[in-house]
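> predicted model follows, preceded by the sequence.
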Amino acid sequence: MTKILQIKSSIFTAGGQSGQLADAFVKNLVAQNPGSEVVVRDFTKETVPHLDEARFMSFLSKPEERSAEQKAIVAYSDALIKELKDADVIVLALPMYNLGVPSNLKAYFDHIARVGETFKYTETGPQGLVSGKKVYVIATRGGRYQGTPYDTQTGYINVFFGLIGITDVEFVYAEGLNMGEEPKATALASAHAELAIKAA
């Protein structure tokens, strides 16, 4: 049975364009892999707290010395990590806001990137502890930024997943969504077609 983790990072409760593309893609994946289990992590339904001193120190503290509050903080992070580790396929719906990733996604990353849990430090640098995952990133943008210095997302996402050991990452882009109805329709149709091929 294939386990799919779908991450929706749009600020829009209806999912936004990235979420709608991801929904269609996951539906196709399930159709191609009957019996698949899908877990949806939608940040509009459950906001991931941003990293602060209390949370960071909770992660660093020794298990036997944690307060009840610290144990709850770590347990929340542990649950997110388990969700990630249990998945075979990760589908990340990724809109671009002000040339970066949504802040709720950064908060999520801060909870799943933990030393000793998803990566460790070695003499030659960090080594990921999560492997055997396939990631599909569905990147939607109002303008056209792919391949330019304004695309801060692609490199960051690749480096982050590489940090925790996931290197099989594919991107599908839908750009120019705020540049008129015709460019928007063309970009979405192209993204749907590319995703349909990947799901087959």
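Perfect, thanks for sending it. Numbers count the residues shown, from 1 in each chain.

> which residue ranges form the strands in the chain?
3-8, 37-42, 89-95, 119-122, 125-128, 134-140, 168-174 (DSSP state E).

> for the protein, what spans make up the helices?
Per DSSP state H, the chain has helices spanning 16-32, 53-60, 68-86, 103-112, 153-163, 181-199. These are given in chain order.

> returning to that earlier point: out of the strands of the chain, which gets nearest to Glu181?
Closest of those to Glu181 is strand 168-174, at 14.0 Å (criterion: C-beta to C-beta). Just so you know, the C-beta spots here come from the backbone N, C-alpha and C atoms, and that holds for glycine as well.

> and the closest one, what does it pack onto?
Contact here means 3 or more C-beta pairs under 8 Å, 6 or more residues apart in numbering; DSSP states H and E; on that basis strand 168-174 packs against helix 16-32, strand 134-140, helix 153-163, helix 181-199.

> relative to helix 181-199, how tilted is it?
150 degrees (axes from the mean of the first three to the mean of the last three C-alpha atoms, to 10 degrees).

> what is the mean pLDDT for strand 168-174?
Strand 168-174 carries an average pLDDT of 98.

> any idea of the angle it forms with helix 153-163?
160 degrees.

> list the buried residues of strand 168-174.
Within strand 168-174, the residues scored as buried using 16 or more other C-beta atoms under 10 Å are 169, 171-174.

> show me what contacts Ala196?
Shown in contact with Ala196 (C-beta atoms under 8 Å, 6 or more residues apart in numbering): Asn28.

> per-residue pLDDT, it?
96.

> for Ser9, find the nearest of the helices and strands packed on strand 168-174.
Using C-beta to C-beta, the nearest of the helices and strands packed on strand 168-174 to Ser9 is helix 16-32, at 7.5 Å.

> thinking again about what came up before, now the helices and strands packed on strand 168-174 in CSV, with distance to Thr122?
As requested, the helices and strands packed on strand 168-174 are exported to CSV (distance: least, C-beta to C-beta, whole Å):
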stretch, distance to Thr122
helix 16-32, 34
strand 134-140, 23
helix 153-163, 13
helix 181-199, 34
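
> in the sheet, who's paired with the closest residue to Val38 other than its chain neighbours?
Excluding the flanking residues, the one nearest Val38 by C-beta to C-beta, 6 or more residues apart in numbering is Ile4, at 4.7 Å. Beta-bridge partners recorded for Ile4 (DSSP bridges): Val38, Val89.

> right, and Ile4 touches Leu92 too?
No. Between Ile4 and Leu92 there is no contact under C-beta atoms under 8 Å: 11.4 Å.

> so for those two, which residue has more residues nearby?
Neighbour count, other C-beta atoms under 10 Å: between Ile4 and Leu92, Leu92 has more, with 24 against 21.

> might you report the residue contacts of that one?
7, 9, 22, 105, 135-138, 157 are the contacts of Leu92 under C-beta under 8 Å, 6+ apart.
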